[in-house]
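Asker: one predicted model, sequence on top.
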Amino acid sequence: VQLQASGGGLVQAGGSLRLSCAASGSSSSIDAIGWFRQAPGERRELVASIRSSGSTEYKGSVKGRFTVSRDNAKNTVYLQMNSLKPEDTADYYCNVGRFIGSYYYTQNIWGQGTLVTVSS
């Protein structure tokens, strides 16, 4: 499986962006896709995930503003980001993972980062 992330850019605070993560290869074996972000000097953190069942989970600070969805026909997962804040500025990555219970475990399959910059 390979992932291709896209959709980042520069937006003013309060604006919106939609990130895309296109999967190629044996995508039918994917248990879950996670969206991570990493700001300069910070650790990479999980912000949203979607399971093969369609259920979704979000980091508390983005809940109500970000929505993760998927289009199975296009093998693509989206991250719709609304009401963006300067603190959302980061490189965003998608990842193939799996859930064990309620915990998301990354597999070593990452899309390239796509930079989101939110100006105040």
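Answerer: That came through, no problem. Numbers count the residues shown, from 1 in each chain.
Asker: drop to CA atoms for contacts and neighbour counts, all remaining ones
Answerer: OK.
Asker: which other helices and strands contact the longest strand anywhere in the chain?
Answerer: Longest strand of the chain, by residue count under DSSP state E: strand 90-100. Applying 3 or more C-alpha pairs under 8 Å, 6 or more residues apart in numbering; DSSP states H and E, one finds that strand 90-100 contacts strand 2-6, strand 32-38, strand 103-110, strand 114-119.
Asker: adding mean pLDDT and mean neighbour count, write these out as CSV.
Answerer: Below are the helices and strands packed on strand 90-100 laid out as CSV (pLDDT from 0 to 100; neighbours: other C-alpha atoms under 10 Å):
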stretch, mean pLDDT, mean neighbour count
strand 2-6, 96, 20
strand 32-38, 97, 24
strand 103-110, 94, 14
strand 114-119, 98, 20
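Asker: what's the closest of these to residue 13?
Answerer: The closest of the helices and strands packed on strand 90-100 to residue 13 is strand 114-119. By C-alpha to C-alpha, the value is 5.7 Å.
Asker: residues contacting that closest one, please?
Answerer: Contacts to strand 114-119, defined as C-alpha atoms under 8 Å, 6 or more residues apart in numbering, come from residues 5-13, 84-93.
Asker: between strand 90-100 and it, find me the angle.
Answerer: If you take axes from the mean of the first three to the mean of the last three C-alpha atoms, to 10 degrees, strand 114-119 sits at 130 degrees to strand 90-100.
Asker: if I look at the residue most central in space within the chain, how far off is residue 120?
Answerer: Of all residues in the chain, the one closest to the mean position by C-alpha atoms, centre = their mean is residue 35, 2.3 Å from it. Going from residue 35 to residue 120 by C-alpha to C-alpha, to the nearest Å gives 23 Å.
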